[in-house]
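In: Structure, please.
(one chain, ligands or ions: 1)
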Amino acid sequence: MGFKTYTCPIAKACGGCEWLAVPYPIQLRRKQKEVEKLFSAAAERDHATIEPIRGMEDPRAFRNKAATPFAPGKGGRIRSGFFAAGSHRIVRCDSCLVEDPRARDILNDVARVAERLGIRAYQEDRGRGTLRHAIVRCGYATEDILLTLVTNGQRLPREREFVAELTQRHPEISSIAQNINQHRTNAMLGRECKTLFGSGIMHDKLLGCTFEISPTSFYQTNPRQTEVLYQLSIDACQQAAVSGEGNFNVLDAYCGTGTIGMCIAKQDGSVHVTGVEQVHDAVDCAKRNARANSLDQRARFVAADATEYMNSIAESGKASFDVVVMDPPRAGSTPQFLDGVTHMGTKTVVYVSCNPKTQLRDIEHLQRRGYRLRTLTPVDMFPHTKHIETVALLTKRG
Ligand SMILES: C[S@@+](CC[C@H](N)C(=O)[O-])C[C@H]1O[C@@H](n2cnc3c(N)ncnc32)[C@H](O)[C@@H]1O
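Out: The predicted structure follows:
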């Protein structure tokens with residue numbers, strides 16, 4: 001790998017790729033060092049190994065999801081692009097180094113077609129106008145492209161012409177959904193979705209499993225590295241399964257649409273997965289995904305807060321899990337959830353995290369409750385940014 005750097009004409013204004021001027025091998029080294037420093041005491045305590053970071057061969061065009069805000073411009077124009085760092089001023093973008101190359105053209109054309117049809121962009125300060133955002137999600141292992149138009153209300157003026165012109169300009173779009181968001185908030189998406197063209201969803205494949213993705217479901221944004229991340233979780237489960245006999249029970253906590261658990265079950269016929277996730281739509285999606293992958297006999301999903309679910313099973317003593325795989329949001333897990341894992345006597349914990357600081361806090365909690373940190377592997381899911389994803393393997397002592 002050479003020590004070249006990449007350039008982007010709007011890097012400074014956009015601020016999304018804050019490390020773009022740093023050669024990629026040096027970015028990886030920085031992340032490795034940061035993880036080693038942060039986890040040094042926790043790793044030393046247990047003689048754990050901190051593995052080398054898994055970086056990308058080519059850290060470009062990896063984002064399967066691209067989005068734009070819209071705002072009224074001069075003379076009836078509609079502005080699209082990125083919010084400038086730390087503000088809501090829109091910086092125009094013609095192409096983006098890290099996004100799927102198909103996405104940006106579609107997003108900018110949404111603005112051009114809307115201008116032509118007189119569909120008004122949303123005015124944030126007044127809460128008026130229709131078109132707030134557009135999001136494009138591109139399949140990694142499929143040709144699916146899902147475009148979501150976020151509108152301030154149910155009505156999308158000239159909807160039929162809008163959809164017809166967009167699909168004519170971009171025959172690669174397989175589906176268009178409308179998401180309704182009338183709240184005066186920074187959150188891009190509202191809860192309600194309508195289908196305007198195609199099925200309103202898309203499909204993608206990871207490690208041999210097919211997944212349905214709806215406009216509102218969580219789906220990792222760097223699919224190449226997601227396979228690396230998930231494979232590390234599968235390997236950790238398989239290590240634990242070697243010593244087991246018969247059915248092998250895995251809890252996939254904070255499971256989203258069930259992707260990690262199903263990839264584990266697909267690779268090992270003795271695995272039975274229970275997924276728990278608080279977003280009901282994601283759980284419905286996970287159930288459909290289980291059927292689509294012929295895993296419905298071995299994968300079940302529960303819509304619940306992970307801590308409440310853990311409290312209920314730990315108290316009733318009705319369930320026990322050989323492995324707990326957990327992938328919480330940035331805030332990490334809770335002491336009650338971790339105590340539930342301990343209470344069940346789970347032998348192996350695989351902890352996937354997008355925030356090493358909260359992961360360290362939770363790992364130290366598990367260490368105090370009799371778990372040993374075995375390995376920690378950083379994975380570079382977000383090149384050119386300071387963000388780090390890590391997978392930790394812990395086993396119960398004795
Ligand atoms: C980092 S994502 C991981 C999703 C999934 N493992 C994947 O790889 O696509 C975290 C997930 O945790 C869910 N979540 C957040 N807080 C939760 C809670 N208290 N209980 C259950 N799920 C929660 C979010 O909705 C989100 O789907």
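In: and L394, that's in a helix?
Out: No: counting by DSSP: H, G, I helix; E, B strand; the rest coil, L394 falls outside a helix, being strand.
In: Tell me how many other residues crowd it.
Out: Residues lying near L394 (other Cβ atoms under 10 Å) number 26. C-beta here means a position set from N, CA and C on the backbone, and glycine is covered the same way.
In: and if you look at the one 3 residues further on?
Out: Neighbour count for R397, taken as other Cβ under 10 Å: 10.
In: Over to T395?
Out: Neighbour tally, T395, other Cβ under 10 Å: 18.
In: Do I have it right that it meets G370?
Out: No: counting by Cβ atoms under 8 Å, G370 is not a contact partner of T395; they are 10.0 Å apart.
In: Would you map the helices across the stretch 101-250 of the chain?
Out: With DSSP state H, counting those that start in this stretch, the ranges of helices along the stretch 101-250 of the chain come out as 103-117, 159-169, 223-242.
In: Need the ones you listed in a markdown table (columns: mean neighbour count).
Out: A markdown table is the format used below for the helices of the stretch 101-250 of the chain (neighbours: other Cβ atoms under 10 Å):
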| stretch | mean neighbour count |
| --- | --- |
| helix 103-117 | 20 |
| helix 159-169 | 16 |
| helix 223-242 | 20 |
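In: Look at F39 and say how many residues are nearby.
Out: By other Cβ under 10 Å, the residues close to F39 number 22.
In: same check, this time on A290
Out: 24.
In: And the helices of the stretch 101-250 of the chain: which comes nearest the ligand?
Out: With Cβ to the nearest ligand atom as the criterion, the ligand lies closest to helix 223-242 of the helices of the stretch 101-250 of the chain, at 7.0 Å.
In: And the closest one, what does it pack against?
Out: strand 202-206, strand 248-253, helix 259-267, strand 323-326, strand 348-353, strand 371-379, strand 389-396 (3 or more Cβ pairs under 8 Å, 6 or more residues apart in numbering; DSSP states H and E).
In: Between these, which one is closest to the ligand.
Out: helix 259-267 (4.7 Å).
In: pLDDT of stretch 35-54, averaged?
Out: Averaged over stretch 35-54, pLDDT sits at 98.
In: any idea how far it is from the chain center?
Out: 25 Å (Cα atoms, centre = their mean, to the nearest Å).
In: So which bits of it are buried?
Out: Buried residues in stretch 35-54, counting neighbours by 16 or more other Cβ atoms under 10 Å, are found at V35, L38, F39, A42, A43, D46, A48, I50, E51, I53, R54.
In: before we move on, what about stretch 259-279?
Out: Neighbour-count burial for stretch 259-279 [16+ other Cβ under 10 Å]: 259-267, 271-279.
In: Within range of the ligand, give me the residues from the chain.
Out: 218-220, 254-256, 259-260, 276-279, 282, 305-306, 327-329, 354 (Cβ under 6 Å from any ligand atom).
In: which residues touch the residue in the chain positioned nearest to the ligand?
Out: Per Cβ to the nearest ligand atom, G256 is where the chain lies closest to the ligand, at 2.9 Å. For G256, the contacting residues are S217, F218, Y219, E277, V279, A282, A286, D327, by Cβ atoms under 8 Å, 6 or more residues apart in numbering.
In: mind redoing it with 7 Å?
Out: S217, F218, E277, A282 (Cβ atoms under 7 Å, 6 or more residues apart in numbering).
In: biggest helix in this structure, by residue count?
Out: In the chain, with assignment by DSSP state H, the single longest helix is helix 24-46.
In: Report the angle between that helix and strand 389-396.
Out: Helix 24-46 and strand 389-396 are oriented at 20 degrees to each other (axes from the mean of the first three to the mean of the last three Cα atoms, to 10 degrees).
In: For V350, give me its contacts.
Out: V350 touches S233, A236, C237, V323, V325, V391, L393, counting by Cβ under 7 Å, 6+ apart.
In: TSV for these, including distance to E364 and pLDDT?
Out: As requested, the contacts of V350 are exported to TSV (distance: Cβ to Cβ, whole Å; pLDDT from 0 to 100):
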residue	distance to E364	pLDDT
S233	21	94
A236	19	90
C237	23	87
V323	20	95
V325	19	97
V391	17	97
L393	15	96
